[in-house]
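Asker: Provided below are the primary sequence and the corresponding predicted coordinates.
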Amino acid sequence: MPQIIDGKAISAQIKDELKEKVAALKQEGTSLCLAVIQVGNDPASSVYVGNKKKACAYIGIESLSYELDESTTQEELLNLIKELNKRQDVNGILVQLPLPGHIDEDLVIRTIDPSKDVDGFHPQSVGTLCIGQKGFVSCTPAGIIQLLKRSGIEIAGKECVIIGRSNIVGKPMALLLLRENGTVTVAHSKTANLKDVAKRADILVVAVGKPKMITRDYVKEGAVVIDVGIHRNENNKLCGDVDYDDVAPICSAITPVPGGVGPMTIAMLMNNCVESAALNR
Ligand code: NAD
């Protein structure tokens, strides 16, 4: 049977480590505060925002919550961000995506001060990641690196295939695996012979956003499989982009859904908040 990579346990471990760091920072007189902005009341976003605030409370980070009406104008949102950029007591600014259609998401992301960009979405953060300099890293891919490292899985020299090239998962994942000396291939919706490409992987990261698309035909025997997808199936149960029951028996390690990649995203967001406070003290 494969090693089941336990994202719940690993994220709990990271959060406990951060709790200690926060206590030490507070003793030195450094305050930690994350501003969380939500526009509208999309139910999924409300759940994510609630979980982020809960994690802040657990670790000892203060959270400022801005729940703005769906009709908030772009200018009002940008003005709030500019105000938070100036505030010395705010270390991190998070704008929950997606935003209502009348607001330009790229402009919102670009308005956040890069030194407070704890989501790692600002072009400056993406640039520093690309050239291997210090900066905030997108939380889901950063969490996957932690899952691999803390599960004793070697990345250096391995064939790493990522299926999906989104700005928040696929592309930063490729850069991080490259930074860890993996040999990286990024596959996507226009990739020819996807099954053959995926089967080259020692480490296969799947972020396609299609429930249970990846069956064992895409997986080399003994591969490590990381499933980023989150979906609700017809019985309202959570499932991933990988057909877990089909793939698990042939791989060496796999992340379940739920309890794999999901919990790591918030843990790494907390990590970015703590780094931000430590850097700017
Ligand atoms: P996205 O829709 O932005 O990107 C999907 C990518 O998959 C695209 O680059 C596309 O080229 C590729 N793709 C689509 N269909 C394909 C096909 N048939 N063959 C090959 N490639 C194909 O999605 P995303 O934001 O990267 O998210 C992917 C999944 O991960 C979603 O299910 C999302 O809900 C989930 N997600 C989870 C977390 C988490 O914390 N666990 C975080 C972000 C996203």
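Answerer: Right, received. Where do you want to start?
Asker: State the next helix or strand along the chain beyond the strand or helix carrying Val186.
Answerer: For Val186, the host element (DSSP states H and E) is strand 183-187. Counting by DSSP H and E, the next helix or strand C-terminal to strand 183-187 is helix 194-198.
Asker: Check the average confidence over the top helix by length along the chain, would you?
Answerer: Secondary structure of the chain read by DSSP state H shows that its longest helix is helix 7-27. The pLDDT scores in helix 7-27 average 97.
Asker: which helices and strands does the helix or strand of the chain with the lowest mean pLDDT pack with?
Answerer: Every helix and strand of the chain was ranked by mean pLDDT, DSSP states H and E. The lowest is strand 231-232, at a mean of 92. Packing partners of strand 231-232 (3 or more Cβ pairs under 8 Å, 6 or more residues apart in numbering; DSSP states H and E): strand 238-239. C-betas here are computed from N, CA, C, even on glycine.
Asker: Each with direction, which strands does the strand it packs on pair with?
Answerer: Sheet pairing for strand 238-239, assigned by DSSP bridges, gives strand 231-232 (antiparallel).
Asker: what's in contact with the partner strand?
Answerer: Contact partners of strand 231-232, identified using Cβ atoms under 8 Å, 6 or more residues apart in numbering, comprise 211, 238-241.
Asker: Residues touching the longest helix of the chain, excluding its own?
Answerer: Applying Cβ under 8 Å, 6+ apart, the external contacts of helix 7-27 come out as 32, 55, 58-61, 143, 146-147, 150-151, 255-256, 259-264, 266-268, 270-271, 274, 277-278, 281.
Asker: If any of those residues are buried, give me the ChimeraX selection for them.
Answerer: Typed into ChimeraX, the line below selects the buried ones among these, using 16 or more other Cβ atoms under 10 Å:
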select :32,55,59,60,61,143,146,147,150,151,255,256,259,260,261,262,263,264,266,267,268,270,271,274,277,278
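Asker: residue boundaries of the helices in the stretch 101-250 of the chain?
Answerer: All helices of the stretch 101-250 of the chain, identified by DSSP state H, counting those that start in this stretch, fall at 105-111, 123-130, 139-150, 170-179, 194-198, 244-247.
Asker: can you give me the offset of the last one from its chain's centre?
Answerer: Spelled out, that is helix 244-247. Computed by Cα atoms, centre = their mean, to the nearest Å, the chain-centroid distance of helix 244-247 equals 24 Å.
Asker: Quick check: mean pLDDT of the very next helix or strand once past it?
Answerer: Counting by DSSP H and E, the next helix or strand C-terminal to helix 244-247 is strand 253-254. In this model, strand 253-254 has a mean pLDDT of 98.
Asker: so what secondary structure elements neighbour strand 253-254?
Answerer: The contact analysis (3+ Cβ pairs under 8 Å, 6+ apart) places strand 253-254 against strand 3-4, strand 224-227.
Asker: Of these, flag the one that's most buried.
Answerer: Neighbour counts (mean count of other Cβ atoms under 10 Å) averaged over each of the helices and strands packed on strand 253-254 peak at strand 224-227, with a mean of 28.
Asker: which helices and strands does that one pack with?
Answerer: Judged by 3+ Cβ pairs under 8 Å, 6+ apart, the packing partners of strand 224-227 are helix 139-150, strand 203-206, strand 253-254.
Asker: Go again with 10 Å.
Answerer: In terms of contacts (3 or more Cβ pairs under 10 Å, 6 or more residues apart in numbering; DSSP states H and E), strand 224-227 is packed against helix 139-150, strand 159-163, strand 203-206, helix 244-247, strand 253-254.
Asker: hmm, back to that, the helices and strands packed on strand 253-254 into TSV, with extra columns for mean pLDDT?
Answerer: Converted to TSV, the helices and strands packed on strand 253-254 look like this (pLDDT from 0 to 100):
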stretch	mean pLDDT
strand 3-4	98
strand 224-227	99
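Asker: Can you name the residues of the stretch 101-250 of the chain sitting close to the ligand?
Answerer: Contact residues, the stretch 101-250 of the chain versus the ligand (Cβ under 6 Å from any ligand atom): 140, 163-166, 168-170, 187-189, 191, 194, 207-210, 228-230, 241.
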